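*Asks:* Okay, here's the prediction I keep looking at, along with the sequence it came from:
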Amino acid sequence: MSILVVGSVAFDSVETPFGKADEALGGSASYFSTSASYFGKVNLVAVVGSDFPEKHIDGFKARGIDVAGLQKVEGGKTFRWKGRYEYDLNQAHTLDTQLNVFSKFNPVLPDGYADSKYVFLANIDPEIQIKVLEQVKKPKLIACDTMNFWIEGKRDALKKLLKRVEIFVINEGEAREFAGCSSLVKAAKIILKEGPKVLIVKRGEYGALMFIGCSVFSAPAYPLEDICDPTGAGDSFAGGFIGYLASTGDLGEENLRKAVIFGSVMASFNVEAFSLERLNALNLEEIRDRYAELKRLTHFEGI
Ligand code: AMP
């Protein structure tokens, strides 16, 4: 089943305690599609400028990602994000955001994209997320992400979007900021009242929580010895999560739990290197092995 994603395709300049990358390929849609491409066919919707090299587009194609929906604006500049992480890698500090070609982006879905059954509205302006959603015919599942930049700058559009999505995936700082309270359990109740049936709260190295009505599932993060760069971990998580759901077609709670673990697996690979280096070099066996390790890590019996 094909997966449609809209989000940013970017040049990221990132500094972590372990090194730095300048103008490396990044963006929410890049991480999501590369991660999800291990599970199924991905249709990418985004915009770049004329400064975006063909080699990155070829990289997407090499992973089987459909780039018919990746517009190139002649004379325009690609979206840029600059960020820094300190020893607490869970918190990204944004130093600069340049929307560039995204400030005037009017997404038009190419032929065939409107029939995509799984839709992921990755982190980008919620008005662009809504425009894409309006063009999709009969999706089986709609999920979305966002970030503080949009929670603070486009709250009304974000609330409008939430009425139309089934699954909302955000990180813990954003959940607290959106709901205006520090308890994640209370925040989840507040957020679920806005529309989504499922809320997934990503907690970096502490894993993820999934709230469905009154039920909560807690998934660990894979305990890595060496971490390089957490940029894109959230989007890689979403790629594994939605990718697994699309590959199985089962939206029951038990399967959602497995999908969360595949999300954790993909996020853990991503943080091992800068940009998309690790994600691009994976194979299915490594993914399955790490899933099995996470299963052993969390298995216990008693009572
Ligand atoms: P995350 O998975 O949350 O670490 O997402 C990191 C990616 O989000 C980076 O590759 C950035 O290019 C991208 N990004 C940062 N700020 C924004 C924004 N305001 N809108 C869309 N994408 C962004």
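*Replies:* Arrived safely, thanks for sending.
*Asks:* In space, not sequence, find me the middle residue of this structure.
*Replies:* The centre of the chain sits closest to Asp235, judged by CA atoms, centre = their mean, with a distance of 2.3 Å.
*Asks:* can you tell me the helix or strand for that one?
*Replies:* Per DSSP states H and E: Asp235 is located in helix 233-248.
*Asks:* Just the CA trace of the following helix or strand past that helix, in CSV.
*Replies:* Counting by DSSP H and E, the element after helix 233-248 in chain order, helix or strand, is helix 253-270. These are the backbone C-alpha positions of helix 253-270, laid out as CSV (Å, rounded to 0.1, in the frame of the first residue of the first chain):
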residue,chain,number,x,y,z
GLU,A,253,-4.1,-1.9,18.8
GLU,A,254,-1.8,-4.9,19.0
ASN,A,255,-0.4,-4.1,15.6
LEU,A,256,-0.1,-0.4,16.5
ARG,A,257,2.2,-1.5,19.4
LYS,A,258,4.4,-3.4,17.0
ALA,A,259,4.5,-0.4,14.7
VAL,A,260,5.7,1.8,17.6
ILE,A,261,8.6,-0.7,18.1
PHE,A,262,9.5,-0.5,14.4
GLY,A,263,9.4,3.3,14.8
SER,A,264,11.9,3.0,17.7
VAL,A,265,14.1,0.7,15.7
MET,A,266,14.3,3.1,12.7
ALA,A,267,14.9,6.1,15.0
SER,A,268,17.8,4.3,16.7
PHE,A,269,19.6,3.6,13.5
ASN,A,270,19.1,7.2,12.4
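*Asks:* after helix 253-270 comes which helix or strand?
*Replies:* Scanning forward in sequence from helix 253-270 by DSSP H and E, the next helix or strand is helix 277-280.
*Asks:* Now do the helix or strand that that next one is followed by and helix 233-248, the angle between them.
*Replies:* Using DSSP H and E, the helix or strand that follows helix 277-280 towards the C-terminus is helix 284-298. Helix 284-298 and helix 233-248 meet at an angle of 100 degrees, taking axes from the mean of the first three to the mean of the last three CA atoms, to 10 degrees as the criterion.
*Asks:* how close does the residue nearest to the centre of the chain sit to Tyr222?
*Replies:* 17 Å (CB to CB, to the nearest Å). Any C-beta I mention is one placed from the backbone N, CA and C, and that applies to glycine too.
*Asks:* Kindly report the same for Asp96.
*Replies:* The gap separating Asp96 from Tyr222 is 31 Å, by CB to CB.
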